[in-house]
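1. have a look; sequence and predicted model below, questions after that.
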Amino acid sequence: MSHTHFNFTLGGSPLSLEKVRGILVRLEDTIIFSLIERAQFAHNPRLYQKGAFDELKAIGFEGSMLDWFLHETEAFHAKARRFTSPDEYPFTPRSSLPEPLLKAIPYPQVLYPNNVNANPTILSFYTRSIVPRITRQATLKLATQKRAAGIVGDEEYEDDGNYGSAGVLDMEVLQAVSKRVHYGKFVSEVKFTEDPAAFIPHILKPNREALGDLITKPEVEKRLLQRLRKKALVYAQDFAPDGEPQGGEAKIDVDGVVELYENYIIPLTKEVEVDYLLVRLEGLSQKEIDDLLTQKP
Ligand SMILES: C=C(O[C@@H]1C=C(C(=O)O)C=C[C@H]1O)C(=O)O
């Protein structure tokens, strides 16, 4: 059974590209199913608008309802030492989060120290591009129901009032996408340690494009998108009481899932891979770099 994350406390055999890719594949299921859950509810754009709720303004919180959900949830997770794990990244600025209450687990130092965090970009593209797309069916169905009840114009559209359910589900998607994108650091660490001499000249120069070309594996991406489409088609099906697949409307916009990966998740993962490589030599002495250069693949 493959896992959706490393169990760093078990240690075990060192990092391998096969292991990391196995986790990325497993996270596809988590992301698809959490998108299916969110797609049950309408767009509910008020969730993402700063200042849309008087109750939040009354307590001096200036962000959106989703920002508030993230802040309150991640504040507890921070106390429970979630963000001391090398594969967990908060959407809330770390400066606004409390210190861990529990002692940090002495994780093995797998990644080189870095501050690469793509979550602001993930939050932006998710709320602006992904939510409207995957909730389209629910939004249109809601508008039809409202018109049938005589509600027409702006009031008929987009908002079913389920801010709590939609917000909790948004956080599940965001946490899974964030984990997936930041696993790019583990991929980069494995690729770098397999052949440091290939990367070092382009880190020292620096040359983002050359590093991007080195980490890009078109065949892996092509197979991923093919697999993703097939998974989404199966997972989006409804099943009869006896378990037989039923036709009818898919529970998720399959093209939307594939485009999420093609236009956002894969490109952002590669940016994280390159950003991680660009700091991979920071603090190393010339001798340490020379030793890496002579290391045989
Ligand atoms: C993640 C990897 O690096 C790159 C990014 C990929 C992705 O985001 O799916 C796939 C292949 C590579 O272009 C990898 O090599 O597995």
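-> Good, I have the coordinates.

2. would you list every one of the helices in the chain?
-> Secondary structure of the chain by DSSP state H: the helices cover 17-38, 54-58, 65-79, 119-125, 131-134, 136-148, 163-182, 184-194, 196-204, 208-215, 218-235, 254-260, 266-278, 286-294.

3. and those, which one averages the lowest pLDDT?
-> With a mean of 90, helix 136-148 has the lowest mean pLDDT of the helices of the chain.

4. residues in contact with that helix?
-> Where contact means CB atoms under 8 Å, 6 or more residues apart in numbering, the residues beyond helix 136-148 that reach it are 39-43, 132, 152, 155-160, 249, 253. Heads up, the C-betas are built off the backbone N, CA and C, glycines and all.

5. and those, which of them are in strands?
-> Among the contacts of helix 136-148, none falls in strands (DSSP state E).

6. between those, which is nearest the ligand?
-> Asp253 (20.3 Å; CB to the nearest ligand atom).

7. center of the chain, which residue is that?
-> Val177 (1.4 Å; CA atoms, centre = their mean).

8. the spatially closest residue to it that is not a sequence neighbour: neighbouring residues, count only.
-> In this structure, Val177 finds its nearest non-sequential neighbour in Ile122, 5.6 Å apart by CB to CB, 6 or more residues apart in numbering. For Ile122, the neighbour count with other CB atoms under 10 Å is 24.

9. of the contacts of helix 136-148, buried ones?
-> 39-43, 156-160, 253 (16 or more other CB atoms under 10 Å).

10. let's have these in TSV, adding pLDDT.
-> Shown next, in TSV, are these (pLDDT from 0 to 100):
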residue	pLDDT
Ala39	96
Gln40	95
Phe41	95
Ala42	94
His43	95
Glu156	66
Tyr157	68
Glu158	70
Asp159	83
Asp160	86
Asp253	92
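
11. and those, which two are furthest apart?
-> By the measure CB to CB, Glu156 and Asp253 form the most distant pair in these, at 21.3 Å.

12. how about the residues of the stretch 51-200 of the chain by the ligand?
-> Neighbours of the ligand within the stretch 51-200 of the chain, by CB under 6 Å from any ligand atom: Val187.

13. let's see 8 Å
-> Proximity of the stretch 51-200 of the chain to the ligand, by CB under 8 Å from any ligand atom, involves residues 181, 183-184, 187, 191.

14. want to throw those residues into CSV with distance to Ala52?
-> CSV is the format used below for those (distance: CB to CB, whole Å):
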residue, distance to Ala52
Val181, 27
Tyr183, 33
Gly184, 33
Val187, 38
Lys191, 44
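
15. out of these, which is most surrounded?
-> Most neighbours among these, by other CB under 10 Å: Val181, with 28 neighbours.

16. surely it is in contact with Pro267?
-> No. With contact defined as CB atoms under 8 Å, Val181 does not reach Pro267; the gap is 9.7 Å.

17. what residues are up against the residue nearest to Val177?
-> So Ile122 contacts 91, 174, 177-178, 181, 268 (CB under 8 Å, 6+ apart).

18. okay, it and Arg180: tell me how far apart.
-> 10 Å (CB to CB, to the nearest Å).

19. wait, what's in contact with whichever residue of the stretch 51-200 of the chain sits closest to the ligand?
-> Using CB to the nearest ligand atom, the closest approach of the stretch 51-200 of the chain to the ligand is made by Val187 at 4.3 Å. Applying CB under 8 Å, 6+ apart to Val187 gives the contacts 17, 20-21, 24, 215, 269, 273.

20. the residue nearest to Leu233 when sequence neighbours are not counted and the ligand, how far apart?
-> Closest residue in space to Leu233, ignoring its immediate chain neighbours: Val254 at 5.6 Å, by CB to CB, 6+ apart. Counting by CB to the nearest ligand atom, to the nearest Å, the separation of Val254 from the ligand is 18 Å.

21. burial check on Val254, number of neighbours?
-> The tally of other residues near Val254 (other CB under 10 Å) stands at 19.

22. am I right that it is in contact with Ala236?
-> Yes. Between Val254 and Ala236 a contact is recorded at 6.1 Å, counting by CB under 8 Å.

23. ok, Ala197 touching Leu292?
-> Yes. Assessed by CB under 8 Å, Ala197 is found in contact with Leu292 at 7.4 Å.
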